[in-house]
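sequence? don't have it. structure:
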DNA sequence: ATGAAAGCGCTAACAC
DNA sequence: GTGTTAGCGCTTTCAT
């Protein structure tokens, strides 16, 4: 920057003004400066800028695993939302290392103006302790007792809708393939199941621990077949797809022999054979709302009203009347 | 930091030394300082640190679309590799906005110590012009004439292997579902096709423009059916899966009526019905090599020997002898 | 072993 | 309108 200033015969301050398009700088001078910038191929240091301004215009995202299309979509949607306000997104995948989630979050937050934390399995106490040091911070699919901006998918209601759909098709014996025990969103699905049971004594819903990945669904297929249920509610689409893969391989026809539903409406759900009945979630809407609140917090407001987004049933080919 | 210094009754320099575990600091003093840090909940500013050191220990990644499992895996593998050296990864998805790729890359590079560019469709001249301003920089699946660290998947050879596999199964009329025309990796696949043709005059391989997404594969299914080929080589697994979805929906049996192969070996390829025959790519290996070279460049060495990784055939259920 | 002070590249009063 | 100057929070000589 000093070089530019010298080259253009002005002061660093003027260069700074030109870069930031300050209106108080003379036409001619500005052009000279711009010429020097172009000639010397100068690029302002964003690091120095951040330090001086105390602001980086960067949003941090911490997520467990972007290969899960659901997590990827929250990230991607956030990036889109943030980009609309001129913010970049720095993301860190915590992968298997749940133990490093906290320190990762702290580190990421340190380089950014705000952070969104996607940590479905982080211990609640640990999270509650962490949150105050992370402000402004948003949390996805968890409750925080007002410690953060929060947006949640209404998994409980989603599961209720799924059960209702299967019920209408005549299914009375249902099986839920449960996700990670410690996952908050799994617990909500379980709660949804409970209220569905309560509302309909004629219904039997069993729970089978399974997991959250393709391989988990695939692995559970045999137990599902022998279980006797006619309708299966998978933890999510990924599990449902893994399950269906194995089922079809073994000659079980979905939906003729067995109806299967997932959750999330990932891209592939529409193209599987049969296409998957599932709950679609407006993640872009969730991200937009979250980002709006976060931006307000960055500007000093307090926005702690939890956002609850309702998923909607998408009926495709993997469900049919009870055999 | 000043507060810590005052609280502990030492100077800022000493605090800095304690933070950086300098050995030249007295045991007792160090403990006092650490106590103050803990008590006041102090976290050093990485931004200031970066500015002072001229180094951020962060790697930037620019990729078009992380929802593509292939791109996601290069990102994820890079993050794993970089994490091993204590580096964070800042990623930006350029999404549809190919026009913003350059400026995004510049911006990201500006906040990081190095960058890896995944831009299969960026104009070559634009890229060649951009590269010098991005050093140290690595590029995936493109050639740069020595302007950058590069790692490439040998798509040409992969396609040759795929053709050979189908040929052995008796297929003589093949159809290639081509990806984006401007994509470098698509051009390499085409080159592979050409050498396969040259080596085997008895073989007929047609090319049909299709795309790179699920929906593209899905959409092409009808034309594929009427085309008459008995073996289909999809641009990648995503296209293959989209195609198979529609095919099975329409009662075409894969692999009995038609053999289908993909490329990349994405996670779901193993769980589709039928599981997909495809070319597996050791992306973690590619990322490790790339990161090794990049790290060397960060340290001032020059590492421009292109890395070429050979994919390997994974035979699953989507291919069978010609009907 | 510790402190004082300069400097990383930028912005923002404040002066002219 | 433009230049001067003081800082943003840290690291790192150079003294002591």
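Yep, it's here. Fair warning: this is a prediction, and the values are worked out from it, not measured in the lab.

so how far is stretch A:83-95 off the chain centroid?
Going by Cα atoms, centre = their mean, to the nearest Å, the spacing between the C-alpha centre of stretch A:83-95 and its chain's C-alpha centre is 12 Å.

does it come close to DNA strand C?
No. Judged by Cβ under 7 Å from any atom of the strand, stretch A:83-95 makes no contact with DNA strand C; its nearest approach is 13.7 Å. C-beta coordinates here come from the backbone N, C-alpha and C atoms, glycine included.

give me the beta-bridge partners of residue A:58?
Residue A:58 has these beta-bridge partners by DSSP bridges: residue A:88.

List the contacts of it.
Residue A:58 makes contact with A:87, A:88, A:89, A:90, A:111, A:112, A:113, B:111 under the criterion Cβ atoms under 8 Å, 6 or more residues apart in numbering or on different chains.

So the fourth one belongs to a strand, correct?
Yes. Read with DSSP: H, G, I helix; E, B strand; the rest coil, residue A:90 is one of the residues of a strand.

my read: it touches residue A:63, true?
No. Judged on Cβ atoms under 8 Å, residue A:90 makes no contact with residue A:63 at a distance of 11.6 Å.

three-state assignment of the spatially closest residue to residue A:192 that is not a sequence neighbour?
For residue A:192, ignoring the flanking residues on the chain, the nearest one in space by Cβ to Cβ, 6 or more residues apart in numbering or on different chains is residue A:159 at 3.2 Å. For residue A:159, the assignment made with three-state DSSP gives helix.

Which residues are in contact with residue A:159?
Residue A:159 sits next to A:176, A:188, A:189, A:192, A:193, A:196, A:233, A:263 when contact means Cβ under 8 Å, 6+ apart.

In strands, which of the residues you listed appear?
Among these, the members found in strands (DSSP state E) are A:176, A:233.

now, the most widely separated pair of the contacts of residue A:159?
A:196 and A:263 (14.3 Å; Cβ to Cβ).

more crowded one of the two?
Comparing residue A:196 with residue A:263 by other Cβ atoms under 10 Å in any protein chain shown, the one with more neighbours is residue A:263, at 29 against 23.

got a list of what that one touches?
Residues near residue A:263 by Cβ under 8 Å, 6+ apart: A:155, A:158-159, A:162, A:189, A:233-237, A:240, A:278-279, A:311.

any chance of these in CSV, with distance to DNA strand D and pLDDT too?
Supplementary listing: these in CSV, determined by distance: Cβ to the nearest atom of the strand, whole Å; pLDDT from 0 to 100:
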residue, distance to DNA strand D, pLDDT
A:155, 40, 98
A:158, 44, 98
A:159, 46, 98
A:162, 50, 98
A:189, 43, 98
A:233, 50, 98
A:234, 47, 98
A:235, 43, 98
A:236, 41, 98
A:237, 44, 98
A:240, 48, 98
A:278, 47, 98
A:279, 45, 98
A:311, 43, 98
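
helix, strand or coil for the residue lying closest to residue A:149 once chain neighbours are set aside?
Nearest residue to residue A:149, sequence neighbours excluded (Cβ to Cβ, 6+ apart): residue A:138, at 3.8 Å. With three-state DSSP as the basis, residue A:138 sits in strand.

Residue A:285 too?
Three-state call for residue A:285 (three-state DSSP): helix.

Count the neighbours of it for me.
The local packing of residue A:285 (other Cβ under 10 Å) involves 14 other residues.

swap in residue A:228?
Counted with other Cβ under 10 Å, residues neighbouring residue A:228 total 10.

Am I right that it is in contact with residue A:172?
No. If you go by Cβ under 8 Å, residue A:228 and residue A:172 don't touch, sitting 11.1 Å apart.

Show residues contacting stretch A:288-300.
So stretch A:288-300 is contacted by A:59, A:77-78, A:81-82, A:85, A:113-114, A:116, A:135-136, A:138, A:140, A:149, A:151, A:303, A:305, A:307, A:309 (Cβ under 8 Å, 6+ apart).
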